[in-house]
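fold the stuff below for me.
(chains A and B)
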There are 2 protein chains.
Amino acid sequence: MNLHHNDNGWFTEFDLDDRSAFSLEIRERVFCEQSPYQKIEVYDTVNYGKLMVIDGFIMLSSKDNFIYHEMMAHPVLFTHPNPQRVAIIGGGDCGTLHEVLKHPEVQQVTQIDIDEVVTQAAEQYFPELCASNKDPRANLLYVDGIEWIKASKAGSLDVIIIDSTDPIGPGEVLYTADFYQACCSALADNGLFIQQSESPIAHMPLIRNMHHRLLEGGFSQPRTLFFPQPVYPTGWWSATMSAKQALPLDFRQADVARKSFATQYYNEAIHQAALAQPAFFQEALGIPAV
Amino acid sequence: MNLHHNDNGWFTEFDLDDRSAFSLEIRERVFCEQSPYQKIEVYDTVNYGKLMVIDGFIMLSSKDNFIYHEMMAHPVLFTHPNPQRVAIIGGGDCGTLHEVLKHPEVQQVTQIDIDEVVTQAAEQYFPELCASNKDPRANLLYVDGIEWIKASKAGSLDVIIIDSTDPIGPGEVLYTADFYQACCSALADNGLFIQQSESPIAHMPLIRNMHHRLLEGGFSQPRTLFFPQPVYPTGWWSATMSAKQALPLDFRQADVARKSFATQYYNEAIHQAALAQPAFFQEALGIPAV
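Below is the predicted model:
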């Protein structure tokens, strides 16, 4: 559970599980709208650019979102041999979409976020993330992502990216075996899946459960990737990748080395590094130590 | 510049460069002493165990210090072919010392922290970090670390670890070419050096300067390692390693794989991962992209 306040020129998010809080100095709130689903706010901060907050949770800042969005897109796409058909569930700020569209192999990306107001706020305050929204390969839908996945034709997707809010409240159903089974069915045989999976140091029980639920849902061995994300609780974040068949631990390294686009965080060495499993994490998951 | 306050059951450190703040919920302050050098406080937190604060800066928590201390000790020691003689400048909480003493090759470790009160507080509130203080290989001195290094016999050390406070105020001189030259002289020909080097996302100018000063001081190519540290600003931290002669990028991987001691974060894959340089970092240092 999180609370927040906006006081004396500082925005603070309290993480009442971790019993910690993170604050950014702000100039003013530039956007506030209660959509049918959630309260969306944008603040102008002193050193982190714009800050989007949904129901009191920090979603992204202009300064550091490049790490999260690159890590949600590039490792999974460079692991798939030929990612042509991609779905993004959530991701209404369009930052993950923007990274996915950098891949020339991608022929269509469907972004399914239930709340159009998130995208409207992003278009206004994070225009750099929305710069590819008019790409003819992009299809932005504002419907229920779970229903959309369940209605997808079996085997019709190469990559599914779950770029969702935290697994409490509305986001909770996105971490169930039932949903994972629907994703598995929608994926082609060599399809890959990735989902943001919270902080390795604060939310280990969630990550362990997620690994179990993915297996129950029909996915093969899940693999968690690690990366920094200063504006999220503990500053250390993760995403968990899985495959319909066997998850290749190798990725298209030669293609990363000669990629046609720029990145700010991701490269070949960072991809490899994100796969390194800390000792406590291996122990918690019951993986034999290196 | 940082300010802090202790209010309504929360301890907050404001980073007035980053314009961000980090807070932990506390039960009570259990220790407060103004030494001749600085103000040392220990808080009992709700979820992070004990928290040591010096002059308003968070130094360590029981919960997450294992990452920092393991990364200050093991990468440099497993890069050196045979680390027998080690000096730690700063490190009065004894956490780095504890990790260094896990290495059977190490024959003597001298820890030089000017302030004995830090160690007294650690012995009382972080006893797990001080568990090896009576090891016959350990020598704890409470004198000026810079003077100690300058007075060291040339070539008398295999590894120097600078586990200091931030490079402002008293810690500043530990980031000068003059000090690095003294370290270089004290090291044997195959000697290695490592120093904590702040946040890669908040303090890039400092890291770039440090690389230049190390070269001016006579060290060979510096290399920055990256790791999470939730209680430090941005949650993402670094240490920079350098060598008197050529810095080997390889390390004793086989020795890591069969190491005789337990770690919570560090292992072979994590060592390799810490060496991965993010794209923006390579660009900022002028290193060709991978």
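
I'd like the distance between A:Ala131 and chain B.
Per C-beta to the nearest C-beta, to the nearest Å, A:Ala131 is found 19 Å from chain B. In this view, the C-beta of every residue, glycine as well, is placed from N, C-alpha and C.

ok, for that residue, nearest residue in space, not its chain neighbours?
Excluding its sequence neighbours, the residue lying closest to A:Ala131 (C-beta to C-beta, 6 or more residues apart in numbering or on different chains) is A:His98, at 6.3 Å.

show the pLDDT at the one you found.
On the pLDDT scale, A:His98 is placed at 98.

tell me the helix or strand right after the one helix or strand it maps to.
Taking DSSP states H and E as the criterion, the element that holds A:His98 is helix A:95-100. Once helix A:95-100 ends, the next helix or strand along the chain (criterion: DSSP H and E) is strand A:108-112.

what residues sit buried inside that next one?
Neighbour-count burial for strand A:108-112 flags A:109-112 (criterion: 16 or more other C-beta atoms under 10 Å in any protein chain shown).

now that strand: how far from the chain's centre is it?
14 Å (C-alpha atoms, centre = their mean, to the nearest Å).

what strands flank that strand, and is each parallel or antiparallel?
Strand A:108-112 pairs in its sheet with strand A:85-90 (parallel), strand A:138-141 (parallel), by DSSP bridges.

and these, which is most packed in?
The highest average neighbour count among those, using mean count of other C-beta atoms under 10 Å in any protein chain shown, belongs to strand A:85-90 at a mean of 25.

just to revisit the earlier point, of the buried residues of strand A:108-112, which is the nearest to A:Val46?
Nearest to A:Val46 among the buried residues of strand A:108-112 is A:Gln111, at 30.9 Å by C-beta to C-beta.

so for that closest one, what's the nearest residue that isn't a sequence neighbour?
A:Ile88 (4.5 Å).

for that neighbour, what are its contacts?
A:96-97, A:100, A:109-112, A:161, A:163 (C-beta atoms under 8 Å, 6 or more residues apart in numbering or on different chains).

near chain B, which residues of the stretch 1-150 of chain A?
By the rule C-beta under 8 Å from any C-beta of the partner chain, the part of the stretch 1-150 of chain A lying against chain B is A:10, A:12, A:14, A:18-25, A:45-48, A:63-64.

buried subset of the residues you listed, written for ChimeraX?
Buried members of these can be picked out in ChimeraX with the line below, counting by 16+ other C-beta under 10 Å:
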select /A:10,12,14,18,19,20,21,22,23,24,25,45,48,63,64
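
just the ones of the residues of the stretch 1-150 of chain A next to chain B in strands?
For the residues of the stretch 1-150 of chain A next to chain B, the ones inside strands are A:10, A:12, A:14, A:20-25, A:45, with DSSP state E as the criterion.

now the residues you listed as JSON lines including pLDDT?
Below are those laid out as JSON lines (pLDDT from 0 to 100):
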{"residue": "A:Trp10", "pLDDT": "94"}
{"residue": "A:Thr12", "pLDDT": "95"}
{"residue": "A:Phe14", "pLDDT": "93"}
{"residue": "A:Ser20", "pLDDT": "96"}
{"residue": "A:Ala21", "pLDDT": "96"}
{"residue": "A:Phe22", "pLDDT": "97"}
{"residue": "A:Ser23", "pLDDT": "97"}
{"residue": "A:Leu24", "pLDDT": "97"}
{"residue": "A:Glu25", "pLDDT": "96"}
{"residue": "A:Thr45", "pLDDT": "98"}
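
check those and tell me the two furthest apart.
So, these by C-beta to C-beta: farthest apart are A:Ser20 and A:Thr45, at 19.1 Å.
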